[in-house]
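Trainee: structure, please.
(chains A and B)
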Amino acid sequence: MAPIVEIKDLTKSYRRGNQSIIVLENISLSIEDGDFLALMGPSGSGKSTLLNLIAGLDKADSGSIKVAGIDISLLSESMLAKWRSENVGFIFQFYNLVPVLTAFENVELPLILTNLSKKERKEHVTTALNLVNLEDRVDHYPRQLSGGQQQRVAIARAVVTDPTMIVADEPTGDLDRASAEEVLRLMERLSSDIGKTIIMVTHDPRAAKKANNMKYLEKGVLANAPEASFSECL
Amino acid sequence: MLLKLLFRNAFRHKLRAGLTICGICVAILAFGLLRTVVSAWYAGVDASSSTRLVTRNAISLIFPLPLSYKDKIRGVEGVKIVSLGNWFGGIYIEEKNFFANFAVDSKTYLDLYPEFVIPPDQKLSFLKERKGCVVGSKLANRFGWKLGDTIVLRGTIFPGKWEFILRAIYKGRDKTIDESQFFFHWDYLNETMKKILPRRADQVGFYMIGMSSPDIAASTSKSVDSLFKNSFAETLTETEKAFQTSFIALSQTILTVIQLVSLVVIVIILAVVANTMAMSVRERMNEYAVFKTLGFGGFYLSILILGESLLITAIGCAIGIIATFPAADAFARAVGDFFPIFNISLRTLYLDMLAALIVGVVAAIFPIWRAISVPIASGLGRAG
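Mentor: Predicted structure coming up:
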């Protein structure tokens, strides 16, 4: 399979006062199309920053990121916004649903930016909500849903535009074990049944175990995972 | 759906939105009332005609002019009608019943003021009756006067008790016309003065001049004043508008303060709305970051935030404008003696709306800038 994401010599630093803190240093990485990659590492290792860069939410200091052949580090802010809307589906740790919108409306949100008619949007949203088994919760507001259900709505929102890849930042971090298992099963299905490329940041070895590939970050560089956790996951 | 979201966002914090709307409503109400007070002050100016001139003593309005000036003024080119009058300053029963009352050369005066609409039979009856008087409908209603009633005024400038018979009631041609004035025959005043104070007879407070065209106001004023140059009673002739404005100039400081206060009210409410919007946007920074993540650009965020700000101010403004009408009615009843014309003008309503629009837009500027400029990763609060 051809790589869908190609990262070369990626460096990213943040300024804190007069100090420059290097978060990622010379990262080079390829992710195959249809891959389900788990990014692991201790807190502050730069895994969320790497995810942000791959998803076009942040800009690197140097290096390049090519997604499906497009070097996103060369795109302007507005082009990047358009690119994200067409190519990336997001799943967050705290779901990040809009509280004043129903499940249906939350899933419909990314489709506002497309040229789809209202009827077509409805069809897409219904399909996405069926996929996550929430067809009976379409009119519920996030506060009326459990954590697991909210995360499933977030997954439906992530897939509704049929993006090139899905990025997930600690998708099970705020869930109980049963809900987390359900969400992971869903993500596994997205990868195996639909062939979606998924990049997931996680601390949880059980979550990483669902992935078919794993990378470990430590102090901003790709490193070998500690033997125990690596073998536990794979 | 963005419109739906905008509406729901506006009322997400019902108490805060309600209090902000309440604040805008009170501010618009206060602004509208203050602007109406200023308009009421200028009512005389607004109602004045551009074809009328006023001639008075050049030293001061309180000094009279000789009656003999009338014929001389009539001879000036461009002058069509010359009328005359005196401020009478009579009191009806007690001083708190104040209203404007004038002795005027009735026939010419009513010809000069077609905006006072009088039924022909009443006008004829008034002109025939030596002690007749004509009053505005508001004044008649205020004291319950009916045609044929005898009205007694106590003179302050012209001593004695003056008895009048109500022969006509005028209505204003439109709502900018003061319907609370009292007129009677100048001849009645002059003849009585001849009997009781002869040295004050044949003295005129002001001349009203009707011109053939407003274009000749300057030249006619100059011609009239030059007639009496170096006389013992020099004149000052000006347009009716300038004459009325000179009265307002006496209270210009008060008017300036009122106008300043009305602006301060708007600035205060701007701060309140800006605070509400800033709080709302700060609380939703994470949501806006999610919107940006999904590909929504600055334009969409601006529409959401500006729309919310405008929606809140528009609701407050609408309620404020609706509340201004009964408040203005109550205010007019309370201060009707001082402000006979107290109408909320269309201009005041436009100013209300403009003020609300400015508040809505300005209050949204900083929150919009903040929502757009905060990096997505910071907004999501998840840099790792």
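Trainee: quick one: what helix or strand has the residue nearest to B:Thr324 when sequence neighbours are not counted in it?
Mentor: Among residues not flanking B:Thr324 along the chain, B:Gly32 sits closest, at 4.0 Å (C-beta to C-beta, 6 or more residues apart in numbering or on different chains). In short, each C-beta sits where N, CA and C put it, glycine included. B:Gly32 is part of helix B:14-41, with elements assigned from DSSP states H and E.
Trainee: next one: B:Ser378
Mentor: With DSSP H and E as criterion, B:Ser378 is part of helix B:376-380.
Trainee: is that helix up against chain A anywhere?
Mentor: Yes - using C-beta under 8 Å from any C-beta of the partner chain, helix B:376-380 reaches chain A at B:376-377, B:380.
Trainee: may I see the buried residues of the helix or strand of chain B with the lowest mean pLDDT?
Mentor: Of all helical and strand segments in chain B, the minimum by mean pLDDT, DSSP states H and E falls on helix B:43-47, at a mean of 74. With burial defined by 16 or more other C-beta atoms under 10 Å in any protein chain shown, the residues of helix B:43-47 counted as buried are B:43-45, B:47.
Trainee: which one of those residues is nearest chain A?
Mentor: B:Ala43 (48.7 Å; C-beta to the nearest C-beta).
Trainee: for the closest one, which residues are in contact?
Mentor: Contact analysis of B:Ala43 by C-beta atoms under 8 Å, 6 or more residues apart in numbering or on different chains lists B:176, B:178, B:339-341.
Trainee: do the same with B:Leu357
Mentor: B:Leu357 neighbours (C-beta under 8 Å, 6+ apart): B:310, B:313.
Trainee: can you name the helix or strand that B:Ala332 falls in?
Mentor: helix B:298-335.
Trainee: got the angle for the helix or strand immediately after that helix in the chain vs helix B:14-41?
Mentor: Downstream of helix B:298-335, the first helix or strand assigned by DSSP H and E is helix B:346-373. Orientation check (axes from the mean of the first three to the mean of the last three C-alpha atoms, to 10 degrees): helix B:346-373 against helix B:14-41 gives 150 degrees.
Trainee: quick one: buried residues of helix B:346-373?
Mentor: Here helix B:346-373 shows B:348-349, B:351-353, B:355-356, B:359-360, B:363-364, B:367-368, B:370-372 as buried, counting by 16+ other C-beta under 10 Å.
Trainee: before we move on, what about stretch B:261-271?
Mentor: Of the residues in stretch B:261-271, those buried (16+ other C-beta under 10 Å) are B:262, B:265-266, B:269-270.
Trainee: run through who's touching stretch B:289-307.
Mentor: Under the contact criterion C-beta under 8 Å, 6+ apart, stretch B:289-307 has outside partners A:55, A:57, A:78, A:81-86, A:90, A:92, A:96, A:98, A:109-110, A:112-113, B:2-3, B:5-6, B:9, B:277, B:281, B:288, B:360-361, B:364, B:367-368, B:371-372, B:374, B:376, B:378-380.
Trainee: three-state assignment of the residue nearest in space to the middle of chain A?
Mentor: Nearest to the mean C-alpha position of chain A, by C-alpha atoms, centre = their mean, lies A:Val167 at 1.2 Å. Here A:Val167 is strand, with the state taken from DSSP: H, G, I helix; E, B strand; the rest coil.
Trainee: ok, it - contacts?
Mentor: Here A:Val167 is in contact with A:51, A:54-55, A:88-91, A:198-200 (criterion: C-beta under 8 Å, 6+ apart).
Trainee: how about those in CSV, adding secondary structure?
Mentor: Formatted as CSV, the contacts of A:Val167 follow (three-state DSSP):
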residue, secondary structure
A:Leu51, helix
A:Ile54, helix
A:Ala55, coil
A:Val88, strand
A:Gly89, strand
A:Phe90, strand
A:Ile91, strand
A:Ile198, strand
A:Ile199, strand
A:Met200, strand
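Trainee: which of those residues lies closest to A:Leu131?
Mentor: A:Gly89 (12.2 Å; C-beta to C-beta).
Trainee: and the angle from the longest helix anywhere in chain A to strand A:165-169?
Mentor: Assignment by DSSP state H gives helix A:177-192 as the longest helix of chain A. Interaxial angle, helix A:177-192 versus strand A:165-169 (the same axes, to 10 degrees): 160 degrees.
Trainee: and helix A:177-192, what does it pack onto?
Mentor: When contacts are defined as 3 or more C-beta pairs under 8 Å, 6 or more residues apart in numbering or on different chains; DSSP states H and E, helix A:177-192 packs onto strand A:36-40, helix A:147-159, strand A:165-169, strand A:197-201, helix A:205-210.
Trainee: pLDDT value on residue 60, please?
Mentor: The chain I'm using is chain A. pLDDT recorded at A:Ala60 is 89.
Trainee: actually chain B
Mentor: Per the predicted model, pLDDT is 87 at B:Ser60.
Trainee: now it: how far from chain A?
Mentor: Look at B:Ser60 and chain A: by C-beta to the nearest C-beta, to the nearest Å, they are 69 Å apart.
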